[in-house]
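**Student:** have a look; sequence and predicted model below, questions after that.
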Amino acid sequence: MARMYSRKRGKHGSKKPPIKIVPKWIKYDKKEIEDLILKLAKEKYTTAKIGTILRDEYGIPDIKVIMNKSISQIMRENKFYPEFPEDLTSLFRKAINLREHLVKNKADKTSKKGLEHLESKIRRLVKFYAKEKKIPKDFIYDPDKIKLLVQK
């Protein structure tokens with residue numbers, strides 16, 4: 001039986017169009033799009049969630065093509081970007097949840113090893129972001145302080 005799909009199988013889901021042009025159907029101008037981004041940022045949405053909302057609810061497919069800057073750049077310019085980058089914050093949350101799990105399930109060795117790997121990844125990212133000046137140079141990963149920081 002012949003193969004119906006090509007051999008190269010990438011990730012599923014939508015793909016960005018190869019040509020970077022502003023679609024004609026967009027009925028919002030740059031100022032309106034920026035206002036939408038800031039409104040959603042005030043509601044504490046992440047940049048990924050803002051992009052999804054703009055795509056699904058407002059029909060704006062690609063912010064970077066239209067605005068010539070990313071959602072996070074727009075948020076930074078208007079002082080709405082969080083103190084820590086989103087990938088680091090999500091890793092903090094994951095570590096907190098895993099620590100809470102290990103308090104209840106002390107014999108879970110697999111999760112304990114997973115927490116060690118996760119915290120190692122966090123420390124590497126902290127070092128990288130400190131070097132890139134995205135977080136304070138003197139920031140040190142401490143699970144107890146992180147728990148308070150994430151709960152804000």
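**Tutor:** Good, I have the coordinates. Numbering: from 1, shown residues only.
**Student:** alpha carbons of the least confident helix or strand in the chain by mean pLDDT, in CSV - could you do that?
**Tutor:** Least confident helix or strand of the chain, by mean pLDDT, DSSP states H and E, is helix 143-151 with a mean of 84. Coordinates of each C-alpha in helix 143-151 appear next as CSV, following Å, rounded to 0.1, in the frame of the first residue of the first chain:
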residue,chain,number,x,y,z
PRO,A,143,12.3,27.2,46.3
ASP,A,144,10.8,29.0,49.4
LYS,A,145,11.3,32.5,47.9
ILE,A,146,10.1,31.3,44.5
LYS,A,147,6.9,30.0,46.1
LEU,A,148,6.1,33.5,47.4
LEU,A,149,7.2,35.1,44.1
VAL,A,150,4.9,33.0,42.0
GLN,A,151,1.9,33.5,44.3
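**Student:** which outside residues touch it?
**Tutor:** Outside of helix 143-151, the residues within contact range by CB atoms under 8 Å, 6 or more residues apart in numbering are F84, T89, F92, R93, A95, I96, R99, E119. The way it works is simple: take the backbone N, C-alpha and C, and place the C-beta from them, glycine included.
**Student:** list buried residues within these.
**Tutor:** F84, T89, F92, A95, I96, R99, E119 (16 or more other CB atoms under 10 Å).
**Student:** where's the second one, which helix or strand?
**Tutor:** In this structure, T89 is located in helix 86-104 according to DSSP states H and E.
**Student:** how far off helix 143-151 does that helix point, in degrees?
**Tutor:** Helix 86-104 and helix 143-151 are oriented at 120 degrees to each other (axes from the mean of the first three to the mean of the last three CA atoms, to 10 degrees).
**Student:** show me what helix 86-104 is packed up against.
**Tutor:** The helices and strands touching helix 86-104, judged by 3 or more CB pairs under 8 Å, 6 or more residues apart in numbering; DSSP states H and E, are helix 109-131, helix 143-151.
**Student:** give me the phi and psi angles of I135.
**Tutor:** phi -130, psi 160 (degrees, to the nearest 10).
**Student:** tally of neighbours for the closest residue to it other than its chain neighbours?
**Tutor:** Leaving aside its sequence neighbours, I135 sits nearest to Y129 (CB to CB, 6 or more residues apart in numbering; 4.5 Å). By the measure other CB atoms under 10 Å, the count of residues near Y129 is 18.
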